[in-house]
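Student: Dropping a prediction and its sequence here:
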Amino acid sequence: MEASDPRGKGVMTLQAKPGDRLIIEGRTDTAHRREGEILEVHGDEGSPPYLVRWDDGHEGTLYPGPDAHVAER
């Protein structure tokens, strides 16, 4: 997945490994921040899609959007 580099240096690729945290920032006052643990990485070299267990216990596979980032564990 490609996303804009917040430092203004072009495009960056989101990469993760199982155990990392996926964080999706809320874009509005009513859309809250979501966090979950990445259980599986289905793309090449750590790229999406990811199987994520959200903090509320739900699990799902997704391609994160530009409002997402990964926190290494």
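Tutor: Arrived safely.
Student: Strands of this protein, start to end?
Tutor: Under the criterion DSSP state E, the chain contains strands at 2-4, 11-13, 21-24, 34-41, 50-54, 59-62, 68-71.
Student: Could you export these as CSV, including mean pLDDT and mean neighbour count?
Tutor: All C-beta atoms are positioned from the backbone trio N, CA, C, and that covers glycine. As requested, the strands of the chain are arranged in CSV below (pLDDT from 0 to 100; neighbours: other CB atoms under 10 Å):
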stretch, mean pLDDT, mean neighbour count
strand 2-4, 46, 12
strand 11-13, 63, 12
strand 21-24, 96, 18
strand 34-41, 97, 17
strand 50-54, 98, 19
strand 59-62, 97, 12
strand 68-71, 96, 16
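Student: Apart from its chain neighbours, what residue comes closest to Gly46?
Tutor: Leaving aside its chain neighbours, Gly46 sits nearest to Gln15 (3.6 Å; criterion: CB to CB, 6 or more residues apart in numbering).
Student: And that neighbour, how close does it get to Asp56?
Tutor: Computed as CB to CB, to the nearest Å, the Gln15 to Asp56 distance reads 25 Å.
Student: Neighbour count: those two, which is higher?
Tutor: Gln15 (16 against 8; other CB atoms under 10 Å).
Student: show me the residues around the more buried one that make contact.
Tutor: 45-47, 70 (CB atoms under 8 Å, 6 or more residues apart in numbering).
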